[in-house]
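Participant: Mind folding the following:
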Amino acid sequence: MNKTKIAIFAGAAIVVAAALVFTINTNRSTSTTEGRGAIGVPTPSPVTTEINPFTHTASIPATVDPSTIRFEQLKAVELASKTKTTTDAQDCKERQFRDPDGTNCQSITVLERVKAVEAVYSYVGPELATGESIPGRQTFWVYFRPEEVGADGPVGKLKRDQAAALFQVNTFRPMVEQKVVDKQNSRYCEGNYVDGNWVQKDANCHDQVQYISQTVPSENWAVQVDVRHPTVATR
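Facilitator: Okay, the predicted model is just below:
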């Protein structure tokens, strides 16, 4: 083989190798782009959630006088039992570069609803630190399956005392785990107030605060509403 043929073959090999490298790089780049999406962030799949909307328990502040709880209204409603949560990846990405406005980049769509009976109760507003109460009455809601209530006829047409007689209300303070300061094993730096500001005697001193877990009464009343059986109200 003469020198001219060798040069031709060598040149062809270089062209083929360059084309192969270009093809590999192009495919790798395309594959990465397709996997990441147009904005470089994978789009989450929608999340479907099953919900049990029939809640017989409500929570109200422990400073409320339970004796002020009063039945208000009974009515038929429809509640969400299945939802779909969709995340807008583009919106979430954009929120990283602007001040949060308190809204969510997720949207929730109701897929299924169920019939329910809503019982509305009210109570005198909770007491404040000054010993006064929030003016007016606050409300809470509990929900039942229609067959649980067992009313004779549409619940919305029952008289108030008849509807109230369908239920029994109990309140209790659940015990909860809470972290509190361990006063015996905590150490605080000495100092005093100067012009309303706390000033430490030793600027290099650091408070050593220890915590322990204790079981304490909750800051809220749990209000349990049960259907009286076999009481059936009539119009």
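Participant: This structure: strands as residue ranges?
Facilitator: With DSSP state E applied, the chain shows strands at 47-50, 57-61, 70-87, 106-124, 137-144, 167-172, 175-181, 191-194, 197-200, 211-217, 220-227, listed in chain order.
Participant: can you pull the buried residues of the fifth one?
Facilitator: By that I understand strand 137-144. Phe140, Val142, Tyr143, Phe144 (16 or more other Cβ atoms under 10 Å). All C-beta atoms are positioned from the backbone trio N, CA, C, and that covers glycine.
Participant: Domain-wise, how is the protein divided?
Facilitator: Here the domain parsing of the chain from automatic domain parsing is 1-36, 47-174+218-227, 177-217.
Participant: Run the chain-centre distance for the second one.
Facilitator: Computed by Cα atoms, centre = their mean, to the nearest Å, the separation of domain 47-174+218-227 from the middle of its chain amounts to 14 Å.
Participant: Between the two ends of that domain, how far is it?
Facilitator: Separation of the first and last residues of domain 47-174+218-227 by Cα to Cα, to the nearest Å is 34 Å.
Participant: okay, now Asp202: neighbour count?
Facilitator: As a burial measure, Asp202 scores 9 neighbours (other Cβ atoms under 10 Å).
Participant: Once you drop chain neighbours, what's closest to it?
Facilitator: In space, not counting the residues next to it along the chain, Asp202 is nearest to Cys189; the distance is 6.4 Å by Cβ to Cβ, 6 or more residues apart in numbering.
Participant: Can you give me the distance of the one you found to Trp198?
Facilitator: Between Cys189 and Trp198 the computed distance is 9 Å (Cβ to Cβ, to the nearest Å).
Participant: on that earlier part again, single out the most deeply packed of the domains of the chain.
Facilitator: domain 47-174+218-227 (a mean of 14; mean count of other Cβ atoms under 10 Å).
Participant: how near is the residue nearest the centre of the chain to Pro46?
Facilitator: The central residue of the chain, meaning the one whose C-alpha is nearest the mean C-alpha position (Cα atoms, centre = their mean), is Asn104 at 11.8 Å. If you measure Asn104 against Pro46 using Cβ to Cβ, the figure is 15 Å.
Participant: which sections of the protein are below the confidence cut-off?
Facilitator: Counting by pLDDT under 70, the chain shows low-confidence ranges at 1-43, 95-103, 129-133, 151-153, 230-235.
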